[in-house]
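Trainee: here is a sequence with its predicted model. Questions after.
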Amino acid sequence: MKIKEQRGKINFSIIALFALLPFFFVACSDDDDNDNGINNHFTYDGSTYSLHEGMKMYWGSGWGNGYNWDIYLYSEGIEFDETEMDFTGSGHGIFLEIFSPIEEGVEDGTYTFDTNDEENSFSFGTWSSIIIDYDGEEDSGTELDIIGGTIEISKSGNTYDISFDLTVEDDKTVTGSFSGPLPEIDFGWLKDGEATKITMRK
């Protein structure tokens with residue numbers, strides 16, 4: 001699972017990352033995918049995958065009027081290796097490249113997919129994707145780019161409620177929801193347009 005290049009600039013190591021909370025996967029029926037009392041999951045092509053944890057990263061502003069917050073929703077079984085600057089383990093997850101109207105956080109509202117990557121408020125970009133059956137040892141898995149859809153986000157205290165209805169590159173639908181905290185990493189101090197991002201891409 002490689003680190004992607006941001007806006008065409010050359011890659012360099014991301015400094016001082018923490019050990020990522022485990023990715024977690026359980027493929028189960030809609031009735032059984034309640035994780036710790038919260039119905040956190042995504043469904044793709046008839047299969048449902050539990051989501052266990054989430055996090056967000058702040059990357060500053062770009063050329064649009066939005067502020068870039070990347071959201072990761074993930075399953076148990078994957079960890080981040082600070083030494084190798086890469087993901088290890090196995091699991092499943094969703095990466096959402098959100099553009100919020102405020103710098104202070106992810107604002108409540110409906111976010112619509114932006115094919116043109118204009119990075120405007122209440123949009124999400126083309127780097128967004130899902131990955132299924134990721135294997136860190138083999139650096140393999142089924143990754144599908146998101147090509148359309150909407151995301152609903154609201155926050156109460158430290159809890160984010162996220163629901164999504166997405167289309168991926170094979171024209172199939174991904175739906176699901178997540179409710180829980182999103183611990184934050186702030187990369188806004190890196191110069192806009194030069195920072196490399198962590199993604200769920202192989």
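Mentor: Done, it's in. Numbering: from 1, shown residues only.
Trainee: for the rest of this, base every contact and every neighbour count on C-alpha atoms.
Mentor: Fine.
Trainee: so what's E184 bridging to?
Mentor: On the basis of DSSP bridges, E184 is bridged to K56.
Trainee: where does the protein dip in pLDDT?
Mentor: Along the chain, segments meeting pLDDT under 70 span 1-38, 79-87, 186-202.
Trainee: by residue count, tell me the biggest strand in it.
Mentor: Secondary structure assigned by DSSP state E gives strand 140-156 as the longest strand of the chain.
Trainee: buried stuff in that one?
Mentor: Residues of strand 140-156 classed as buried: 140-141, 143-153, 155 (neighbour count, 16 or more other C-alpha atoms under 10 Å).
Trainee: mind giving me the packing neighbours of it?
Mentor: strand 109-113, strand 129-135, strand 159-168 (3 or more C-alpha pairs under 8 Å, 6 or more residues apart in numbering; DSSP states H and E).
Trainee: for that strand, which outside residues touch it?
Mentor: 1, 107-115, 126-135, 160-170, 200-202 (C-alpha atoms under 8 Å, 6 or more residues apart in numbering).
Trainee: starting from that strand, tell me which strands it pairs with and how they run.
Mentor: Looking at strand 140-156 with DSSP bridges, what it pairs with is strand 109-113 (antiparallel), strand 129-135 (antiparallel), strand 159-168 (antiparallel).
Trainee: just name the most buried of those strands.
Mentor: Highest mean neighbour count among the strands paired with strand 140-156 (mean count of other C-alpha atoms under 10 Å): strand 129-135, with a mean of 21.
Trainee: just the CA atoms of that strand, as CSV, please.
Mentor: The C-alpha trace of strand 129-135 is given here as CSV (Å, rounded to 0.1, in the frame of the first residue of the first chain):
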residue,chain,number,x,y,z
SER,A,129,-11.3,4.9,-3.1
ILE,A,130,-12.2,1.7,-1.4
ILE,A,131,-9.9,-1.3,-0.9
ILE,A,132,-10.9,-4.9,-0.2
ASP,A,133,-8.7,-7.8,0.8
TYR,A,134,-5.6,-5.7,1.3
ASP,A,135,-2.5,-7.8,2.0
